[in-house]
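Peer 1: Here's my sequence, what's the structure:
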Amino acid sequence: MNKIVITGISGRLGRILARRLHHDLKWEIVGLDRRPMIGRPKDIVHHQVDLRSKSARDVFRTGEVDALVHLGVMHDPRARPGEVYSWNITGTTKLLEYAQAYRIPKVVLLSSANVYGPRPDNPQFLTEEAPLLAAQRFPQMRDLVEIDHLVSTFLWRAREIETVILRPVHILGPVHNAPSNYLRLERPPMLLGFDPMVQLIHVEDVAEAIVAALAPERRGIYNLVGPGEVPLYAVLRELGRRPMPIPHPLAKSILSFAFRVGMSSFPVAELDFIRYVCMVDGRRAAAELGFRPRFGLRETIRAVDD
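Peer 2: Residues are numbered from 1 along each chain as shown. Down below sits the predicted model:
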């Protein structure tokens, strides 16, 4: 049986992935997370530790690990920036050190297609070779872009390790992330005159893509796309939401105030995602990983209310 370590296992996606691997009966699953793992099966080992701590290193030192899946990237817009940066960058750096020191043959990072950044001059579909420009307009995206760069460098430096970076489009489902949280708002903000095309993917399909990336001889960077593209307003209409139209010149001040006083959970840094297009080309994942989404567009959209 192969041993796999999953960081961020206590989150919704972590638990979905653990359940999926648990059914394979070929993985010994070990979780690393500061949070407890609610509903943990008895045969899944969980270490409630900080990734930056000596206790986390001991998990790798005490037994042979066949794969590492890093889901434990913090995205809390209300957390202190210094703590978020330390957790994300220092934690990821430590994991890569452990992977090399203890000769872990497979490393998978779940990044995001958001690292490319929504921009008015984006081509219709961005390939994996496109520059990661999100941090230029969103300081809050700095950590995710830097983590992606860290692991990209590791991919080419540590050739003995099969490293995979997955960049999924907006993940929807019973998860607490920015796109799902936005679509759950009763009155989600929309900018007057803007209705960008968006790409969505079901959280269960992301788990399947991670499983595909764990196969032998898979390495590289892959965009993950769902069942197609759709205008943002059509997504809101499918969910029965009533958008709150806001004139673009006033949007930043209005939403900043609402977020600061707790009236809204929509971070101002996300404004360009409801203004400009950021769509990616997923053909490489289909060709090399054999990944194709199982969930249709309507199922994916409605998954936010599951």
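Peer 1: What is the least confident helix or strand in the chain?
Peer 2: Lowest on mean pLDDT, DSSP states H and E among the helices and strands of the chain sits helix 248-260, with a mean of 70.
Peer 1: Tell me where the stretch 151-300 of the chain has helices.
Peer 2: Assigned by DSSP state H, counting those that start in this stretch, the helices in the stretch 151-300 of the chain fall at 178-184, 203-213, 232-239, 248-260, 283-284, 297-302.
Peer 1: tell me the most buried of the ones you listed?
Peer 2: helix 203-213 (a mean of 23; mean count of other C-beta atoms under 10 Å). C-beta coordinates here come from the backbone N, C-alpha and C atoms, glycine included.
Peer 1: Quick one: distance of that one to the chain centre.
Peer 2: Chain-centre distance of helix 203-213: 12 Å, with C-alpha atoms, centre = their mean, to the nearest Å.
Peer 1: Ok, stretch 105-119 next?
Peer 2: 7 Å.
Peer 1: and that stretch, which residues are buried?
Peer 2: By neighbour count on 16 or more other C-beta atoms under 10 Å, the buried set for stretch 105-119 is 106-119.
Peer 1: Sort out for me which of these are in strands.
Peer 2: If you go by DSSP state E, the buried residues of stretch 105-119 have 106, 107, 108, 109, 110 in strands.
Peer 1: Return the residues in contact with residue 93.
Peer 2: residue 150 (C-beta atoms under 8 Å, 6 or more residues apart in numbering).
Peer 1: Let me know the helix or strand that it is in.
Peer 2: Secondary structure from DSSP states H and E places residue 93 in helix 91-101.
Peer 1: Residues in a beta bridge with residue 45, which ones?
Peer 2: Beta bridges link residue 45 to residue 30, judged by DSSP bridges.
Peer 1: State the distance from it to residue 63.
Peer 2: Plainly put, residue 45 is 10 Å away from residue 63 if you go by C-beta to C-beta, to the nearest Å.
Peer 1: More neighbours: which of these two?
Peer 2: For the pair residue 45 and residue 63, the greater number of neighbours falls to residue 45 (17 against 13), based on other C-beta atoms under 10 Å.
Peer 1: okay but the more buried one is in contact with residue 29, surely?
Peer 2: Yes. Using C-beta atoms under 8 Å, residue 45 is in contact with residue 29, at 7.1 Å.
Peer 1: Quick one: residues contacting residue 301.
Peer 2: When the contact criterion is C-beta under 8 Å, 6+ apart, the partners of residue 301 are 172, 183, 200, 230, 235, 238, 239.
Peer 1: at 7 Å what do you get?
Peer 2: By C-beta atoms under 7 Å, 6 or more residues apart in numbering, residue 301 lies in contact with 172, 200, 235, 238, 239.
Peer 1: So which residues of this structure form strands?
Peer 2: 2-7, 27-32, 45-47, 67-70, 106-110, 162-168, 170-172, 189-191, 197-202, 220-224, 229-231, 244-246.
Peer 1: what packs against the second one?
Peer 2: Think strand 27-32. In terms of contacts (3 or more C-beta pairs under 7 Å, 6 or more residues apart in numbering; DSSP states H and E), strand 27-32 is packed against strand 2-7, helix 12-24, strand 45-47, helix 54-61.
Peer 1: which ones are touching the spatially closest residue to residue 120 that is not a sequence neighbour?
Peer 2: Spatial nearest neighbour of residue 120, chain neighbours left out: residue 276 (5.4 Å); criterion: C-beta to C-beta, 6 or more residues apart in numbering. Each residue near residue 276 by C-beta under 7 Å, 6+ apart is listed here: 118, 119, 120, 122, 196.
Peer 1: do the same with residue 239
Peer 2: Counted by C-beta under 7 Å, 6+ apart, residue 239 has contacts 183, 301, 304, 305.
Peer 1: how about 10 Å then?
Peer 2: Counting by C-beta atoms under 10 Å, 6 or more residues apart in numbering, residue 239 makes contact with 183, 184, 185, 188, 301, 302, 304, 305.
Peer 1: now the fourth one: how far from residue 198?
Peer 2: Translated: residue 188. Counting by C-beta to C-beta - residue 188 and residue 198 are separated by 12 Å.
Peer 1: what touches both of these two?
Peer 2: With C-beta under 10 Å, 6+ apart, residue 188 and residue 198 have common neighbours 232, 235, 274.
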